[in-house]
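A.B. asks: okay, predicted coordinates and the sequence, questions at the end:
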Amino acid sequence: MGYMALKLDMSKPYDRVEWVYLERIMEKMGFSRRWINLISMCIRSVTYLVMLNGQPHGLITPTRVTVSECVKIQSLLYLYEQATGSYKWRSIINAKHVIKLGRVWRVGNGESIQIRGDRWLPQISSAKVLFPVTGLALDARVCDIIDQDSHTWRAGLIDQNFLPHEAKLIKGIPLSWQTVSDKQVWLPSNHGEFTTQSPYHLFVGQGRNLLPGSSSGGGNKLIWKGIWNLQEGDVELRKCIGQKFLPFVDLLAILFLRKDRLDIDLLAVIMWLIWGRRNASCMGESILEYRQIWAKAKLYLLDFKTAQKDDRRLTTTVIRVPRWIPPIHNHFKINFDRAVFSEMDTAGLGVVIRDSYGRVVGALAERIPITISATMVEALACRRALNFAKELNLMDTVFKGDAEQIIKALLAKEMHQPEYGHVLQDSLVLASEFRVCMFTPC
């Protein structure tokens, strides 16, 4: 017996005809059970996959439902859209470009980063290389300008192919002494963690750059300085009513100019309550009536001022000169520090090693290209101190520096800092090779 292929329009029986009814009709018309089973299998074997975050999920086997069930499902989807999809997801999508603005590559081995096009320079305003690099291939990667053996930048090649300010930035990027992969990090945060404040400041700054205005940014600085330095006042807010302001910052500028006649603290609490009412309304939560805001603000402000009061007693300040404390017997104390010479575009690393009797065992001073921040130089100084002690084969050590942020990160074994996390990782690897290795702040 041969084979035969049938092209059937299955959408009509699938969408519009009850499946059991279709089977009964075929039985009345005398079709064999095998044929009826084949047709039923074609109708009932349809499955679906749902794309979620770019990945297929399923399989979903559909069944026929009643009209009332369809209406119920539709109402549930509508409620879900109003509760989450309409507001939250719109906000996330609209803020996606802000996430891209603050996200940069942290250079590891450089193999994943293209020199042209990728954001890898340690600055938010212009993280991409702007100058057309003519001496390198169009698809050149950052690994092409790194000496993989010494884990250092190929300074001569960089100076030849980049603008001077870009070359200085690149040579100031610290490289790990290990072979680590490139990593995308959130640059606006000092601790590497994404917070709602960091993208907000990025978003505000990006939006202002698109607006016409004076070449001086001093006005906005005065506004934000006024916000964070609000003083107490006892004059009721009866001014500035009826005036029209397009940007909110214009209103703030006028208010701070009149802060000697306005209760700016009370105004700030009122604005905070109005903003909170707006957020609660968007989320479908209970809201505060507008007529209640004034009294609520005065109550909040009174509670705050009461909590801030203290006994303002005269105190005598005693200035203590820091004294070097020796380590325990047969241990070595390694003090490290940094210096930044902005006029020379360089930074310095300093290390002094003493034994338990206070005798100098070793000292080191090195000049390095200036980096994007002083904290990064502190991290480099700590790494160099560890390596210097290892070179001298000192196995029982105490490392001391005045960079509290670096010391705390090493004690907590945190390596998520966006700019120098890989440098801290090098330091922890070196520390694991000592018999005794302790970190203490000055």
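C.D. replies: That came through fine. All of these numbers come straight from a predicted model, not from anything done at the bench.

A.B. asks: the helix or strand hosting residue 265 packs against which elements?
C.D. replies: Here residue 265, judged by DSSP states H and E, is contained in helix 264-282. Helices and strands touching helix 264-282, by 3 or more CB pairs under 8 Å, 6 or more residues apart in numbering; DSSP states H and E, are helix 248-257, helix 290-308. All C-beta spots, glycine's among them, are computed from the backbone N, C-alpha and C.

A.B. asks: got the angle for that helix vs helix 290-308?
C.D. replies: Helix 264-282 runs at 130 degrees relative to helix 290-308, counting by axes from the mean of the first three to the mean of the last three CA atoms, to 10 degrees.

A.B. asks: residue ranges with poor pLDDT in the stretch 251-400 of the chain?
C.D. replies: Confidence mapping of the stretch 251-400 of the chain against pLDDT under 70 gives the ranges 251, 253-254, 256-262, 308-322.

A.B. asks: 50 instead?
C.D. replies: Applying pLDDT under 50 to the stretch 251-400 of the chain flags the ranges 311-314.

A.B. asks: give me the element residue 350 is part of.
C.D. replies: Residue-wise, residue 350 maps onto strand 346-354 under DSSP H and E.

A.B. asks: what angle do the helix or strand following that strand and strand 346-354 make?
C.D. replies: Using DSSP H and E, the helix or strand that follows strand 346-354 towards the C-terminus is strand 360-369. Counting by the same axes, to 10 degrees, strand 360-369 lies at 170 degrees to strand 346-354.

A.B. asks: and strand 360-369, which residues are buried?
C.D. replies: 364, 368-369 (16 or more other CB atoms under 10 Å).

A.B. asks: before we move on, what about stretch 116-128?
C.D. replies: Buried-residue list, stretch 116-128, by 16+ other CB under 10 Å: 116, 118-122, 124, 127.

A.B. asks: going by distance to residue 137, which of those residues wins?
C.D. replies: Proximity of these to residue 137 (CB to CB) peaks at residue 116, which lies at 9.7 Å.

A.B. asks: tell me the secondary structure for the nearest residue to that closest one once chain neighbours are set aside?
C.D. replies: For residue 116, ignoring the flanking residues on the chain, the nearest one in space by CB to CB, 6 or more residues apart in numbering is residue 129 at 6.2 Å. Following DSSP: H, G, I helix; E, B strand; the rest coil, the label given to residue 129 is coil.

A.B. asks: would you mind measuring from residue 129 to residue 136?
C.D. replies: Residue 129 is 10 Å from residue 136, where distance means CB to CB, to the nearest Å.

A.B. asks: same list (the buried residues of stretch 116-128) but as TSV, adding pLDDT, secondary structure and distance to residue 186.
C.D. replies: Shown next, in TSV, are these (pLDDT from 0 to 100; DSSP: H, G, I helix; E, B strand; the rest coil; distance: CB to CB, whole Å):
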residue	pLDDT	secondary structure	distance to residue 186
116	87	coil	23
118	90	coil	16
119	89	coil	12
120	90	coil	14
121	88	coil	15
122	82	coil	13
124	66	coil	10
127	84	coil	12
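
A.B. asks: so which two of those are the farthest from each other?
C.D. replies: 116 and 124 (18.8 Å).

A.B. asks: circling back: need the buried residues of strand 360-369 in JSON lines (columns: distance to residue 186).
C.D. replies: Formatted as JSON lines, the buried residues of strand 360-369 follow (distance: CB to CB, whole Å):
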{"residue": "364", "distance to residue 186": "34"}
{"residue": "368", "distance to residue 186": "25"}
{"residue": "369", "distance to residue 186": "24"}
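
A.B. asks: for the residues you listed, which one is nearest residue 153?
C.D. replies: Of all the buried residues of strand 360-369, residue 153 sits closest to residue 369, with 8.4 Å by CB to CB.

A.B. asks: wait, the closest one touches residue 168, no?
C.D. replies: Yes: in this structure, residue 369 is within contact of residue 168 by CB atoms under 8 Å, at 6.9 Å.

A.B. asks: confidence score at residue 49?
C.D. replies: The model reports residue 49 with a pLDDT of 76.

A.B. asks: quick one: secondary structure of it?
C.D. replies: What three-state DSSP gives for residue 49 is strand.

A.B. asks: beyond the helix or strand hosting residue 427, next helix or strand please.
C.D. replies: According to DSSP H and E, residue 427 maps onto helix 421-431. Counting by DSSP H and E, the next helix or strand C-terminal to helix 421-431 is strand 436-441.

A.B. asks: buried ones in that next one, by neighbour count?
C.D. replies: 437, 439.

A.B. asks: start at 48 instead
C.D. replies: Renumbered: residue one is now 48, and that last one reads strand 483-488.

A.B. asks: give me the distance from it to the chain's centre.
C.D. replies: Centroid separation for strand 483-488 versus its chain: 30 Å, with CA atoms, centre = their mean, to the nearest Å.

A.B. asks: and the angle for that strand with helix 468-478?
C.D. replies: Counting by the same axes, to 10 degrees, strand 483-488 lies at 140 degrees to helix 468-478.

A.B. asks: tell me the mean pLDDT over strand 483-488?
C.D. replies: Per-residue scores along strand 483-488 average to 92.

A.B. asks: please apply the same query to stretch 236-251.
C.D. replies: Mean per-residue pLDDT for stretch 236-251: 63.

A.B. asks: and for stretch 203-214?
C.D. replies: 87.

A.B. asks: in it, what counts as buried?
C.D. replies: Neighbour-count burial for stretch 203-214 flags 204-205, 208-209, 213-214 (criterion: 16+ other CB under 10 Å).

A.B. asks: which of the three states applies to the closest residue to residue 421 other than its chain neighbours?
C.D. replies: With sequence-adjacent residues excluded and distances taken as CB to CB, 6+ apart, residue 421 is closest to residue 387, at 5.6 Å. For residue 387, the assignment made with three-state DSSP gives strand.
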